[in-house]
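Enquirer: Okay, here's the prediction I keep looking at, along with the sequence it came from:
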Amino acid sequence: MKRVWEGVRRYCATLHSVGLAVGLVFFVLSMSPSLLPRAWYLQGVATGISVAMGYALGVTAAWMIRKCGVEPTWSDRTKKIGWRVLAVLAIILIPLFLILGSWWQQIVRDLVEVPRTQQLNYLLVLVIAVAVWFILLEAGRGLRYLTNKLTAVALRFVPKEAAKVASLVVVFALAIFVVNGALYNGLIAFANWSFSGADNDTPDGITEPLIAERSGSPMSAEPWDTLGREGRTFMGSGPSAEKITEVTGREAKQPIRVYAGRESSDSINGVAQRVVDELVRTGGFDRGTLAVVTTTGRGWVNDDVASAFEYTQGGDTAIAAMQYSFLPSPLAFIADRETPMAAGQALFNAVYAKWIDLPLDKRPKLVVFGESLGSYGGQAAFAGAQDMTTRVDGALWVGTPNFTAQWQAITGNRDSGSREVLPVIDEGRAIRFAGDPEDLELDAPWNDSRVVYWQHASDPIVWWSFDLLLNQPDWLSEPLGRDVDPGMRWIPLVTFWQVTLDMVFSADVPSGHGHNYGAEAADMWARILHPEGWTQADTDAVRSALTNNFQPTK
């Protein structure tokens, strides 16, 4: 035991006092509230990263001051006093802000309607934070060691300053190679291949459809086992004509859903064409309204959004979707942003090419929708807002990621005085944003071609951006959204990591908060499509049916 303590003492002696002081400040700041409640272990990770950044800033600042020729000389007594003051501050501030942090988390839980948790778990935050900080500290020291070794080798051939620059360039180039080079591309290809094996199972309760209006049925050219897990789920779910009639009290048709899996063709364009062939087979172009949906990573479609669309149109609908990747959505969100755009363009263009050739009086209404990566990829089919409102009769974009170019352009050009969290665009004549259905009620008349961006103020997928590292966003400088803690503030570096970790469980909150978009899709579609004779009572009935989880289509 004595050796252990001696080793700990020697290691602590290698730590930088300024780095520790700034790290303590960042520990305090990291406990401030964010968009969503975080599990204690995620808070520990966020805090550990924040402390590591604070430590690095402190060490870097001290190094820069020394390089400027300022070299303070402190007596041993002064150093002892400084260390003792730092220790006392740590003893006071760490437990105090662990308690405050757990209290702030309970407030956030109340705002997003999540049950409160045991606050004692928050004591474990410190353990995880120290572990994460230690790992990052040693990783940084490892990079410094590598740079020094490379410098020593380079000194044999070039002058000292050139050797330092050369070593930094080599280390930086290696990092770029790992993050964004051939190795990265190889890892993505490997991930796609490895996750393809997990795409073969089918969720409990989902069975092969036996009706012609579904891909994967015996009458379909798309075999059931080629649709992928999410495709099979989508084809085996949704309301029947009988269910729609029961809920709305109106005679309904059997909704059409068509789908093709990624393995059905060697190319994304080939998959899209197979979807169009399925639309032709099922008579999708003869329905009253045709929807093109861009899916997320492995082909997921939000069934609440799809079913609400079918209910409000009395089943006189066709929905076209396809799988374009085997990557789970979180991995695709981080690592592959090109494929969703290519898929969104391929599917919409393939459907549009067939649709535009139809006689004007024979064309169904054309709408688009997508959630998360699906919203990002789906919007890539349009050159901009005007192009979108010209080419489609309606759109519902759900939980759009912050990096979506079209979303950025539209939000950036919002009417003066409107908030980023709920922008008003040209008084709402064509495009409207909503966190709740009542947000769609604006004074200006709404055109027939209606586009809705549905986004919650507490959805980290919508608000996450690298800009959070060093720039305060408008949504944190303007009045906050209704389900965001009023105490949330932008903190350089810290807020970025808080929102990053909020994304991990962003869908594990009740519908209406975070990245969970559910039965209120009925309200959104009713306002976008405004069916003849439709009433609020009809919308309430559909919302109730969605909430009560109707049985999958057989």
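Expert: Great, that's in hand.
Enquirer: CA only for contacts and neighbour counts going forward, please
Expert: Noted.
Enquirer: Roughly how far does residue 112 sit from residue 36?
Expert: The spacing between residue 112 and residue 36, counted by Cα to Cα, to the nearest Å, is 7 Å.
Enquirer: Specify which residue of the two has the higher count of neighbours.
Expert: Higher neighbour count among residue 112 and residue 36: residue 36, with 29 against 22, using other Cα atoms under 10 Å.
Enquirer: Does that one touch residue 110 like I think?
Expert: No. The criterion here is Cα atoms under 8 Å, and residue 36 misses it with residue 110 at 10.2 Å.
Enquirer: did I read that right, residue 514 in a strand?
Expert: No. Judged by DSSP: H, G, I helix; E, B strand; the rest coil, residue 514 forms no part of a strand; its state is coil.
Enquirer: residues near the residue nearest to it when sequence neighbours are not counted, how many?
Expert: Nearest non-adjacent residue to residue 514, counting by Cα to Cα, 6 or more residues apart in numbering: residue 459, 3.9 Å away. If you count neighbours by other Cα under 10 Å, residue 459 ends up with 27.
Enquirer: From what I see, residue 459 and residue 513 are in contact.
Expert: Yes. Using Cα under 8 Å, residue 459 is in contact with residue 513, at 6.8 Å.
Enquirer: for the stretch 51-200 of the chain, what are the low-confidence residue spans?
Expert: 119-120, 147, 150-199 (pLDDT under 70).
Enquirer: In it, mark out all the helices, start to finish.
Expert: For the stretch 51-200 of the chain, the helices defined by DSSP state H, counting those that start in this stretch cover 76-111, 125-154, 160-180, 182-196.
Enquirer: Just the CA coordinates for stretch 295-313, please, in PDB.
Expert: Provided in PDB are the C-alpha atoms of stretch 295-313 (Å, rounded to 0.1, in the frame of the first residue of the first chain):
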ATOM      1  CA  THR A 295     -35.300   6.800 -44.300                       C
ATOM      2  CA  THR A 296     -32.500   6.900 -41.700                       C
ATOM      3  CA  GLY A 297     -29.400   4.800 -41.700                       C
ATOM      4  CA  ARG A 298     -30.600   1.200 -41.900                       C
ATOM      5  CA  GLY A 299     -34.000   2.100 -43.500                       C
ATOM      6  CA  TRP A 300     -36.100   3.200 -40.500                       C
ATOM      7  CA  VAL A 301     -39.300   5.100 -41.000                       C
ATOM      8  CA  ASN A 302     -41.200   6.700 -38.100                       C
ATOM      9  CA  ASP A 303     -44.500   4.700 -38.300                       C
ATOM     10  CA  ASP A 304     -46.400   7.400 -36.400                       C
ATOM     11  CA  VAL A 305     -45.700   9.900 -39.100                       C
ATOM     12  CA  ALA A 306     -46.400   7.400 -41.900                       C
ATOM     13  CA  SER A 307     -49.600   6.100 -40.300                       C
ATOM     14  CA  ALA A 308     -50.900   9.600 -39.500                       C
ATOM     15  CA  PHE A 309     -50.500  10.500 -43.100                       C
ATOM     16  CA  GLU A 310     -52.500   7.500 -44.100                       C
ATOM     17  CA  TYR A 311     -55.300   8.200 -41.600                       C
ATOM     18  CA  THR A 312     -55.700  11.800 -42.600                       C
ATOM     19  CA  GLN A 313     -56.000  10.800 -46.300                       C
END
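Enquirer: begin at 28 from here
Expert: Yes, from this point I'll number from 28; that puts the last item at stretch 322-340.
Enquirer: And what about the residue nearest the centre of the chain, helix, strand or coil?
Expert: By Cα atoms, centre = their mean, the chain has its centre lying nearest to residue 488, at 3.2 Å. At residue 488, secondary structure determined by three-state DSSP is helix.
Enquirer: From residue 368, how far off is it?
Expert: Distance from residue 488 to residue 368, by Cα to Cα: 17 Å.
Enquirer: What ranges in the protein fall below the confidence cut-off?
Expert: The chain contains residues with pLDDT under 70 at 28-32, 34-35, 146-147, 174, 177-226, 355-362, 576-581.
Enquirer: residue ranges of the strands in it, please?
Expert: In the chain, the strands defined using DSSP state E lie at 283-287, 316-321, 344-349, 392-398, 421-425, 458-461, 477-481.
Enquirer: could you redo those as TSV and give each row distance to residue 521?
Expert: What follows is those, written out as TSV (distance: least, Cα to Cα, whole Å):
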stretch	distance to residue 521
strand 283-287	42
strand 316-321	33
strand 344-349	38
strand 392-398	28
strand 421-425	27
strand 458-461	28
strand 477-481	27
